[in-house]
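Participant: Dropping the sequence and predicted coords here.
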Amino acid sequence: MLSDTHFYFNQAADVLGLSDIVRKILLTPQRTMTVELAVENCEGELKYYTGYRVQHNDARGPMKGGLRFHPSMDEDHASALAGLMTWKTAVVDIPFGGAKGGIDCNPREMSDKDLAQVTRLFVAEMKDFIGPTIDIPAPDMNTNARVMGWIMDEYSKFKGFSPAVVTGKPLELFGSEGREEATGRGVMISLREALTEQGKSFSDITVAIQGFGNVGSNAARLIADHGAKIVAVADHTGGVSNEDGLDIAALTAWVIETGGVKDFAGGSGFSGDSIITWKADVLIPAALQDVITEENAHEVKAGLVIEAANAPTTPAADAILLERGVIIIPDILANAGGVTVSYFEWTQNIQQFRWELDRINDELNKVMVKAYRGVSDVAAEFQVDLRTAAFILAIRRVGKAGLARTHLDPATFIG
Ligand code: GLU
C-alpha cells in the first residue's frame, strides 16, 4: 500500500522536477510509533495487540488523522494513510499536517468494555505524543464517536480537560454538528462539481456504491436527495440493485436492523463482487483500499469514479482507467469533507464556542468547492489527471511551508 501512495506522489514530483532529497524529506514520516497493548479481557484471557501512530508531516500545522481498528493494521498501512492525510489536509488548505494510526484488533469480536480498555491503554502510551497542538486523532474504519469520547476522557485524566485532543466526538462531549455525515457530504459536493464541469446534473445520472457504512450511506442519501438514482449498493454482506433507484431511507433502516444490505426487499440481490463493474454512470468505492485493480479496471462501466474510500485504486488500475477516459476524483480531494469538519470541531473546541449546522455545512461547501476548483485548475495548467494535480497542489503547499520555516528559499526546491 505504501508503495502505491509513493507512486502517486512521485508521479506529481516528476512533473514538479523535485530532487531526490526533497522527495525523501517529504515522503519520510517524522515519527513512527508502535506500542504494546497487553490486556486481560472480560473472560480473564490475556490478549496482545499492537498500537500504531505514524506522524507524517507537521509543516502546515498539528498532525491530523484517524485511528483504524482492524486486524490488518500495521506500520505499512499507517504510513501510507498518514501520508495521504498530509496531502489531503493540504488539498483542502486546512491548517494541519498528516498522521494515521490504529490498533490491530477486531472490534466485532470484542466487548465494549474490552475495547474501551485497549483504547485507554493506547492513549496512556501515546499521551505525550498527541495533543491539541501536536497530533489530533479522529474516527476511521471501525472507530466512532464513542471511541473518540474514551480517548478524550483518558487524555484529560493526564493533561486536564482537553476536548481539542480528538475530533469526531459525541455532541455531548463537544463534538461538532455535521461531523458524522461530513465525509459523505464532501463526496456529494465533489460529485456535484464534477457533474457541473461536464454540464450535467444529479438527475442525469445513475450511481453504484461499494460500502454502506458511515461514508457510503451518507453519500448515498445526499446524492439521492439531489435527484440521482442509486442503482446498486454492496457491502460485506452482499449487494442489492434497483434500476429505478433504491429507496435509501428504507435501505438504511434495513441495514441498521440487520447489519447489512443483504436480503433488502426493495431490490434484487447479487453477490456484491460485481459492484465495481456495475452498469452505472458513477462508481463510488466507499469501503476498502485496493478494490479497483488491473483485474477489473478494464470492465469498469462508469465514466466517473469518486474515491470516497482511502486508496481504493491501485496505480495499475489508475493507468487503465485514465487510458480509457474515465475521470477519477481522487481520495485526497473526494473524501476530505470528514477532516474538514474535524477542523471545524477542533476550532470550536479551542474557541469554546458552538457553530450551528447551517454554518458547518456552508463552510464545508466553500472549502470543498475551492479545493475542487484549485485541483481542476492545476490539472488544466499541467495537462495532468486530477490525482496528479491534487498531489502537485499539496506537495507545493507542504513543501513551501516546510522550507519557509528555514533560511532556504522555497523557490529553489519546489517548482
Ligand atoms: N479518517 C478520516 C480520513 O481519512 C478523517 C480524519 C480526521 O478527521 O482527522 O480522512
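Facilitator: All right, it came through fine.

Participant: and the helix with the most length in the chain, which residues are buried?
Facilitator: Longest helix in the chain, counting residues (DSSP state H): helix 357-382. Buried positions in helix 357-382, judged by neighbour count with 16 or more other CB atoms under 10 Å: 360-361, 363-365, 367-368, 371-372, 374-376, 378-379. Bear in mind the C-beta positions are built from the backbone N, C-alpha and C, glycine included.

Participant: Tell me the residues on the stretch 251-400 of the chain that lie near the ligand, please.
Facilitator: 310, 335, 338-339, 342 (CB under 6 Å from any ligand atom).

Participant: Those into JSON lines, with extra columns for neighbour count and distance to Ile94?
Facilitator: As requested, these are exported to JSON lines (neighbours: other CB atoms under 10 Å; distance: CB to CB, whole Å):
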{"residue": "Asn310", "neighbour count": "24", "distance to Ile94": "17"}
{"residue": "Asn335", "neighbour count": "27", "distance to Ile94": "14"}
{"residue": "Gly338", "neighbour count": "28", "distance to Ile94": "11"}
{"residue": "Val339", "neighbour count": "25", "distance to Ile94": "7"}
{"residue": "Ser342", "neighbour count": "29", "distance to Ile94": "9"}
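
Participant: Please narrow those residues to those residing in helices.
Facilitator: Going by DSSP H, the helices hold 338-339, 342 from these.

Participant: what are the ranges of the strands in this protein?
Facilitator: Taking DSSP state E, the strands of the chain run over residues 31-40, 46-57, 63-69, 98-103, 135-139, 206-210, 229-235, 238-241, 268-270, 282-285, 304-306, 327-329.

Participant: Need the winner for burial among those.
Facilitator: strand 98-103 (a mean of 30; mean count of other CB atoms under 10 Å).

Participant: what's it in contact with?
Facilitator: Strand 98-103 is contacted from outside by 33, 37, 49-57, 63-70, 73, 77-79, 81-89, 118-119, 122, 135, 137, 140-141, 143, using CB atoms under 8 Å, 6 or more residues apart in numbering.

Participant: does it come close to the ligand?
Facilitator: No: applying CB under 6 Å from any ligand atom, one finds strand 98-103 separated from the ligand by no less than 7.3 Å.

Participant: Export that strand to PDB, keeping only CA atoms.
Facilitator: Provided in PDB are the C-alpha atoms of strand 98-103 (Å, rounded to 0.1, in the frame of the first residue of the first chain):
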ATOM      1  CA  GLY A  98      -1.000  14.300   8.500                       C
ATOM      2  CA  ALA A  99      -1.000  11.300  10.700                       C
ATOM      3  CA  LYS A 100      -2.700   7.900  11.000                       C
ATOM      4  CA  GLY A 101      -2.800   5.100  13.400                       C
ATOM      5  CA  GLY A 102      -4.800   2.300  14.900                       C
ATOM      6  CA  ILE A 103      -4.800  -1.000  16.700                       C
END
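
Participant: ok, His298 - how many residues close by?
Facilitator: When neighbours are defined as other CB atoms under 10 Å, His298 has 12 of them.

Participant: pretty sure it is touching Ile320, no?
Facilitator: Yes: the criterion here is CB atoms under 8 Å, and His298 meets it with Ile320 at 6.0 Å.

Participant: What confidence value was assigned to the closest residue to the ligand within the chain?
Facilitator: Taking CB to the nearest ligand atom as the measure, the chain has Gly66 as its residue closest to the ligand, at 2.7 Å. In this prediction, Gly66 carries a pLDDT score of 98.

Participant: Show the contacting residues for the residue nearest to it when sequence neighbours are not counted.
Facilitator: If the residues on either side of it in the chain are set aside, Gly66 comes closest to Asp140, at 2.8 Å by CB to CB, 6 or more residues apart in numbering. The neighbours of Asp140, taking CB under 8 Å, 6+ apart as the test, are 65-68, 81, 100, 102.

Participant: for Met126, same thing?
Facilitator: By CB under 8 Å, 6+ apart, the contact list for Met126 reads 33, 35, 51, 53.

Participant: quick one: which of those is nearest Lys113?
Facilitator: Proximity of those to Lys113 was ranked by CB to CB; the top entry is Gly51 with 18.0 Å.

Participant: Quick check: that closest one touching Leu37?
Facilitator: Yes: applying CB under 8 Å as the test, Gly51 and Leu37 come out as touching, 5.3 Å apart.

Participant: Common neighbours of those two, please.
Facilitator: Shared contacts of Gly51 and Leu37, counting by CB under 8 Å, 6+ apart, come down to 103, 121-122, 125.

Participant: Out of those, which sit inside helices?
Facilitator: 121-122, 125.

Participant: possible to save those residues as JSON lines with distance to Thr314?
Facilitator: Converted to JSON lines, those look like this (distance: CB to CB, whole Å):
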{"residue": "Leu121", "distance to Thr314": "35"}
{"residue": "Phe122", "distance to Thr314": "30"}
{"residue": "Glu125", "distance to Thr314": "34"}
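
Participant: Thanks a lot, see you next time.
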